[in-house]
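J.: 3D, please:
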Amino acid sequence: MKWIIMILYFLNVLSSKATYVSVPLHSKITPLKCDKVSEELVCSLSKVDEIEIGIDTSVAGRFVYNLRDIDERLFTSQDRLYVEIIDDSAPVITLSEKKTFIKEGFDPYECVASIEDDSEFVYETYLQDNTVTIVATDIYGNMSTISTDVEFITESEYEVMAYLGDDVLETIENYLVAENLSLDNIGIGIKDIKTNQYYYQNEHKQYIAGSSMKLPLSVLIYNGINEGKFTPSLTLEYKESHVTNGTTVVPLYHTIGDRIRLDTLLRYTLVPSDNIAANMLFDLLARQGSLQKQMTSFFGVTEEEIAVVNSNKITVHYMIRVLEELLDSNNLVKEKYKQLESHILSAYNGRYLKRNLSNVKIAHKCGFYNSNINDTGIVYKNGVPRYLISIYTQSYGKKDASNVTYAERYIAKINQLVYEYYELVDLGLIDD
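T.: Here you go, the predicted model:
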């Protein structure tokens, strides 16, 4: 920072070595540049003897020194020394790192992280098209100008703006309340993969799983293949005991007594969600020991967490643990589950978690039994997992005029709001 000393009577200038330059009293006004010595500039006056005056240069402004107060032996009159410290450096403007903003109510100053100057200053901001310009001027006329390009979103582009809470779960609860939905009838589990933060509603409440139980079942089978217990080409006999109601494609291609490859049964189980194929896989797994124990201990939960046999009940906490098993330490799908991922990526397109996010990559396994409808999945962004989500409902199985259950619409809307919420977080528009 340069400082200019304008002295109206006389001035000697000292360097850091205190070298004196004498200036006669009542000399002609001369602007002189001085060097700053720490926070004080030492100048001297000369008349018979040398006298030092300490001038504080840390603040710009005008100062008057009464010479008689300096040394009454030398100055009998009230001569004065007039000094003006002038700041000749422009304000420093630092821009914010944010590049995307919500258009409604946007203040261009949101682009500024700070403006710094040793003197008082004023600033103005201008917005033209998508360019913000900031101009800062201090009291000495020093001016800084900086421009930056920005992007805008509108509130109408993000429905989540109408329900924003302090975090993603409170945001979803605001939506449920607005829809007059009972919080007791919906279980929600969310894991933010970027922060490893979990959000739960009715975390340990058991809901009827339906076909979503086929996901942990398949995980155990794929893990068994990886450990060498099974091979993809292993064949299992299709028996009368496997026949059941619900979704079945096995009878379209096979008859009782046929032997069906294990990898084919896994595809039937995960993509069209075939119940006969799932029963055949359950039989295979039961040969290894207790189903209840296998399907809990492997995922690190207690046997009380779920009920595999007969009641077919599950919790959102359990399903988030199942999804976590699919990912490695870098939060990418483990190699041994790549085929499983491929199957659930292709399943039920346009339905449930995918209904409102048709252009978003989602790997999911849904389930339904009467009015108990659910979905669990991995939601991706830029090709990699962004968050895990599991939504279980009860009592919303009634269909609307479009023959779509209300539960499916609620599941779709909740996932849409979660996706938008994290998109706003990733853009730096809201804090999580």
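J.: CA atoms for contacts and neighbours, from now on please.
T.: OK.
J.: wait, is G367 part of a strand?
T.: Yes - under DSSP: H, G, I helix; E, B strand; the rest coil, G367 sits within a strand.
J.: surely it and Y207 touch.
T.: No - under the criterion of Cα atoms under 8 Å, G367 is not in contact with Y207, lying 10.9 Å apart.
J.: of these two, which one has the most company?
T.: Comparing G367 with Y207 by other Cα atoms under 10 Å, the one with more neighbours is Y207, at 24 against 20.
J.: quick one: contacts for the more buried one?
T.: The contact partners of Y207, taken as Cα atoms under 8 Å, 6 or more residues apart in numbering, are 313-315, 372, 392-394.
J.: I'd like those as TSV, with pLDDT, neighbour count and distance to S211 appended.
T.: Shown next, in TSV, are the contacts of Y207 (pLDDT from 0 to 100; neighbours: other Cα atoms under 10 Å; distance: Cα to Cα, whole Å):
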residue	pLDDT	neighbour count	distance to S211
K313	93	18	11
I314	94	23	11
T315	96	24	14
N372	92	20	11
Y392	96	29	12
T393	94	25	14
Q394	90	20	15
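J.: and these, which is closest to S89?
T.: Closest to S89 out of these is Y392 (62.8 Å), distances taken as Cα to Cα.
J.: strand partners of whichever strand or helix holds the closest one, parallel vs antiparallel please.
T.: According to DSSP states H and E, Y392 maps onto strand 384-393. Sheet partners assigned to strand 384-393 using DSSP bridges are listed as strand 186-192 (antiparallel), strand 372-381 (antiparallel).
J.: contacts only, for E155.
T.: By Cα under 8 Å, 6+ apart, the contact set of E155 is 102-104, 161.
J.: list only buried entries from those.
T.: M161 (16 or more other Cα atoms under 10 Å).
J.: tell me which entries of the contacts of E155 lie within strands.
T.: I102 (DSSP state E).
J.: in JSON lines: the contacts of E155, plus distance to E324 and pLDDT.
T.: Formatted as JSON lines, the contacts of E155 follow (distance: Cα to Cα, whole Å; pLDDT from 0 to 100):
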{"residue": "I102", "distance to E324": "34", "pLDDT": "82"}
{"residue": "K103", "distance to E324": "37", "pLDDT": "82"}
{"residue": "E104", "distance to E324": "38", "pLDDT": "80"}
{"residue": "M161", "distance to E324": "29", "pLDDT": "88"}
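J.: tell me the contacts of K98?
T.: By Cα under 8 Å, 6+ apart, the contact set of K98 is 111, 427-428.
J.: just S233 next, same as before
T.: Residues near S233 by Cα under 8 Å, 6+ apart: 261-263.
J.: if I look at G350, how far off is I320?
T.: From G350 across to I320, the span is 22 Å (Cα to Cα, to the nearest Å).
J.: who has more neighbours out of these two?
T.: The residue with more neighbours, out of G350 and I320, is I320; 23 against 13, by other Cα under 10 Å.
J.: doesn't the more buried one lie inside a strand?
T.: No - according to three-state DSSP, I320 belongs to no strand; its state is helix.
J.: these two touch, right, it and I188?
T.: No - when contacts are counted by Cα under 8 Å, I320 is not listed as touching I188 (9.8 Å).
J.: returning to that earlier point: Q339: which of the contacts of Y207 is nearest?
T.: Nearest member of the contacts of Y207 to Q339, counting by Cα to Cα, is I314, at 24.2 Å.
J.: before we move on, the earlier item: determine which two of the contacts of E155 are furthest apart.
T.: K103 and M161 (12.4 Å).
J.: need the contacts of Y207 in TSV with distance to K338, can you?
T.: Formatted as TSV, those follow (distance: Cα to Cα, whole Å):
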residue	distance to K338
K313	27
I314	24
T315	25
N372	29
Y392	25
T393	29
Q394	32
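J.: which of those sits closest to D138?
T.: Nearest to D138 among these, with distances taken as Cα to Cα, is Y392, at 60.3 Å.
J.: look up the closest residue to that closest one, ignoring the ones flanking it.
T.: In space, Y392 comes closest to N374 once its chain neighbours are excluded; the distance is 4.3 Å by Cα to Cα, 6 or more residues apart in numbering.
J.: so R386 makes contact with G377?
T.: No - applying Cα under 8 Å as the test, R386 and G377 come out as separate, 11.0 Å apart.
J.: between the two ends of stretch 188-201, how far is it?
T.: Rule used - Cα to Cα; the end-to-end distance of stretch 188-201 is 5 Å.
J.: tell me the domain boundaries of this structure?
T.: 3-87, 92-153, 159-229+288-426 (automatic domain parsing).
J.: on that earlier part again, restricted to buried residues, select the contacts of S233 in PyMOL.
T.: Applied in PyMOL, the following selects the buried portion of the contacts of S233 according to 16+ other Cα under 10 Å:
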select buried, resi 262+263
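J.: just the ones of the contacts of S233 in strands?
T.: Members of those lying in strands (criterion: DSSP E): R261.
J.: out of the contacts of S233, who's nearest K381?
T.: Distance ranking of the contacts of S233 against K381, using Cα to Cα, places D263 first at 28.6 Å.
J.: what helix or strand is the closest residue to S96 other than its chain neighbours located in?
T.: Closest residue in space to S96, ignoring its immediate chain neighbours: A113 at 4.5 Å, by Cα to Cα, 6+ apart. Using DSSP H and E, A113 falls within strand 112-116.
J.: how near is the closest residue to S211 other than its chain neighbours to Y318?
T.: Sequence neighbours aside, G367 is the residue nearest to S211 in space, at 4.2 Å (criterion: Cα to Cα, 6+ apart). To Y318, G367 is 15 Å away according to Cα to Cα.
J.: what's the answer for D258, then?
T.: 35 Å.
J.: more neighbours: which of those two?
T.: More neighbours surround Y318 than the other of D258 and Y318, with 24 against 13 (other Cα under 10 Å).
J.: my read is that the more buried one contacts E304, right?
T.: No - the pair Y318 / E304 is not scored as a contact, 10.7 Å apart, by Cα under 8 Å.
J.: mind listing what's buried in stretch 231-246?
T.: Residues of stretch 231-246 classed as buried by neighbour count (16+ other Cα under 10 Å): 231, 235-236, 238, 242-243.
J.: and for stretch 321-339?
T.: Buried residues in stretch 321-339, counted by 16+ other Cα under 10 Å: 321-327, 331, 333, 336-337.
J.: how about stretch 394-405?
T.: Buried, per 16+ other Cα under 10 Å, within stretch 394-405: 394, 396-397, 405.
J.: among those, find the lowest-pLDDT one for me.
T.: Confidence by pLDDT is poorest for G397 among these, given 81.
J.: so that one makes contact with T405?
T.: Yes - using Cα under 8 Å, G397 is in contact with T405, at 5.3 Å.
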